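1. Dropping a prediction and its sequence here:
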Amino acid sequence: MTALLRSWQSAVALLLTAIALIKMPLFAETAANAPETATVSVIVLLAVAGSVAAFLPIGRAVLAFVLLIAAHAGAWLLLSSLSGNEAQARAPFFLLVAANWLLAWACVTHLSALSPRSRPVATFLRLLIPAIFGAWILIIWEAATRGFGIPFILLPPPSAIGARIASSLPTLAADVQQTIFKAVLFGYVVGSGAGFAVAILADRVDFLRRGLLPIGNFVSALPIIGIAPIMVIWFGFDWHSKAAVVIIMTFFPMLVNTVAGLGAAGHMERDLMRTYASDYWQTLFKLRLPAAMPFIFNALKINSTLALIGAIVAEFFGTPIVGMGFRISTEIGRLNLDMVWAEIAVAALAGSVFYGVIALAERATTFWHPSVRGG
């Protein structure tokens, strides 16, 4: 009973596989390219083997490997069988997809329970687990859109989006250069740097702190769709106006977080610095700024998202014939949904890399902080 509760995903997967066998075939009788019996047999055998392995007395690592192979090999064969059979999938097809998803769930459960002593292995597991989650989002998306025959205009399958990315690399590269390497990076550096500098000044001058912070809260609430057209009028249609929007969006989060961080140092530590006859700048650089680093990096991570959103939205209101926002607004008008999703995917990837770089810098800088030591 305990083994059944621990491996309930495998038990349910085995049940779904049995129901799928009873209700065969996978596709409607009108399907033009129904998979061969051997292929269907392999799919079923993989699901059964993965489900049964969960109840055998084997180690977690070996079991996780078996479940990983069984779930993803079965899913690959199922998706391959969809070629030429779009909108023809029957209940057994989706039951087998669900069974393989449950096996992948069980795989992630066992991988999460592992505690490897080797740092490279631990790092590999930290990357593998979210990769499995992300892969199954795409697998289910692909199976649903092609199996149910969802119209392309509503939701293209990931395979079509991937094909469009592969065939449009020069266009995507030009859009990334215009939006990210010009507008986003310039606006991010200037906006965050200016917010940090003004926060130091506001910490030094009391009336600036009392006057700027309420204004910061007010400006942070301004809608970007109201700011972007004004910046386009002021700075033109090129990337400079988008960088101006990014500067406005990143300035005040950095200002507010840095001011809050500078007040994070405790009174005992400040009193100790005074007993050492430290002046304002010595206390700032040796005590208060290190204590404020978690707040500063929090602002940097928030700004990494705001900067990308601000630049893309600003391009909707006027830009040269290049840029991620321009491409999205143009291709949606042409109903080229695969290109729109390709731009979204590239933007998401760029934003994730941007955020990841800042997170790595945070871990290297604030290694002493409890949140980093504990993670």
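-> Here it is on my side, so go on.

2. how about A89, phi and psi?
-> phi -70, psi 140 (degrees, to the nearest 10).

3. Could you report the distance from the closest residue to it other than its chain neighbours to L14?
-> Once flanking residues are discounted, A89 sits nearest to G147: 3.5 Å by Cβ to Cβ, 6 or more residues apart in numbering. Glycine gets a C-beta too; all of them are placed from N, C-alpha and C. According to Cβ to Cβ, to the nearest Å, G147 and L14 sit 22 Å apart.

4. Looking at those two, which one has more neighbours?
-> Ranked by neighbour count (other Cβ atoms under 10 Å), G147 and L14 place G147 first, with 24 against 20.

5. Surely that one touches F94?
-> Yes: if you go by Cβ atoms under 8 Å, G147 and F94 touch, sitting 6.6 Å apart.

6. Check what pLDDT I248 gets.
-> Note on I248: pLDDT of 89.

7. From A61, how far off is it?
-> 51 Å.

8. So for the two, which sits in the more crowded spot?
-> I248 (21 against 14).

9. Once you drop chain neighbours, what's closest to that one?
-> I227 (6.0 Å).

10. List the buried residues in the helix or strand encompassing that neighbour.
-> Following DSSP states H and E, one finds I227 within helix 224-235. Neighbour-count burial for helix 224-235, counted by 16 or more other Cβ atoms under 10 Å, picks out 224, 227-228, 231-232.

11. In the host helix or strand of G50, which residues are buried?
-> Here G50, judged by DSSP H and E, is contained in helix 37-53. Residues 40, 43-44, 46-48, 50-51, 53 are the ones in helix 37-53 that count as buried (16+ other Cβ under 10 Å).

12. cool, and stretch 192-203?
-> So stretch 192-203, judged by 16+ other Cβ under 10 Å, has buried residues 192, 195-196, 198-200, 202-203.

13. mind saving the C-alpha coords of that stretch as PDB?
-> Taking C-alpha atoms only, stretch 192-203 is exported to PDB below (Å, rounded to 0.1, in the frame of the first residue of the first chain):
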ATOM      1  CA  SER A 192      19.400  51.900 -13.100                       C
ATOM      2  CA  GLY A 193      22.600  53.900 -12.800                       C
ATOM      3  CA  ALA A 194      20.800  57.200 -12.500                       C
ATOM      4  CA  GLY A 195      18.400  55.700  -9.900                       C
ATOM      5  CA  PHE A 196      21.300  54.400  -7.900                       C
ATOM      6  CA  ALA A 197      23.100  57.800  -8.000                       C
ATOM      7  CA  VAL A 198      20.000  59.800  -7.100                       C
ATOM      8  CA  ALA A 199      19.300  57.300  -4.200                       C
ATOM      9  CA  ILE A 200      22.800  58.000  -2.800                       C
ATOM     10  CA  LEU A 201      22.100  61.800  -3.100                       C
ATOM     11  CA  ALA A 202      18.700  61.400  -1.600                       C
ATOM     12  CA  ASP A 203      20.200  59.500   1.300                       C
END
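
14. List the contacts of it.
-> The contact list for stretch 192-203 (Cβ atoms under 8 Å, 6 or more residues apart in numbering) reads 208-209, 212-213, 247, 250-255, 258-259, 262, 284, 296, 299-300, 303.

15. for stretch 73-88, same thing?
-> By Cβ under 8 Å, 6+ apart, the list of residues contacting stretch 73-88 reads 26-28, 30-35, 39, 42-43, 46-47, 50, 89, 93, 96-97, 99-101, 103-104, 136, 139, 142-143, 146-149.

16. Can you flag the buried ones in those?
-> For the contacts of stretch 73-88, buried by 16+ other Cβ under 10 Å: 26-27, 31, 34-35, 43, 46-47, 50, 89, 93, 96-97, 99-101, 103-104, 136, 139, 142-143, 146-147.

17. that older thread, kindly export the helix holding I227 (C-alpha atoms) in PDB.
-> Provided in PDB are the C-alpha atoms of helix 224-235 (Å, rounded to 0.1, in the frame of the first residue of the first chain):
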ATOM      1  CA  ILE A 224       3.500  52.800 -20.300                       C
ATOM      2  CA  ILE A 225       1.000  53.300 -23.200                       C
ATOM      3  CA  GLY A 226       0.700  56.900 -22.100                       C
ATOM      4  CA  ILE A 227       4.400  57.500 -21.800                       C
ATOM      5  CA  ALA A 228       5.600  55.800 -25.000                       C
ATOM      6  CA  PRO A 229       3.900  58.100 -27.600                       C
ATOM      7  CA  ILE A 230       5.200  61.200 -25.800                       C
ATOM      8  CA  MET A 231       8.800  59.800 -25.900                       C
ATOM      9  CA  VAL A 232       8.400  59.000 -29.600                       C
ATOM     10  CA  ILE A 233       7.400  62.600 -30.300                       C
ATOM     11  CA  TRP A 234      10.300  63.900 -28.200                       C
ATOM     12  CA  PHE A 235      13.100  61.600 -29.300                       C
END
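
18. Report all helices and strands that that helix contacts.
-> Under the contact criterion of 3 or more Cβ pairs under 8 Å, 6 or more residues apart in numbering; DSSP states H and E, helix 224-235 touches helix 239-262, helix 289-314.

19. Mind checking what helix or strand follows the last one in sequence?
-> Think helix 289-314. Defined by DSSP H and E, the subsequent element after helix 289-314 is helix 324-333.

20. I'd like to know which elements the next helix-or-strand element following that next one is packed against.
-> Sequence-wise, the next helix or strand downstream of helix 324-333 (DSSP H and E) is helix 337-365. Using 3+ Cβ pairs under 8 Å, 6+ apart, the elements in contact with helix 337-365 are helix 158-167, helix 169-178, helix 289-314, helix 324-333.

21. quick check: angle from the last one to helix 289-314?
-> For helix 324-333 against helix 289-314, the angle between stretch directions is 30 degrees (axes from the mean of the first three to the mean of the last three Cα atoms, to 10 degrees).
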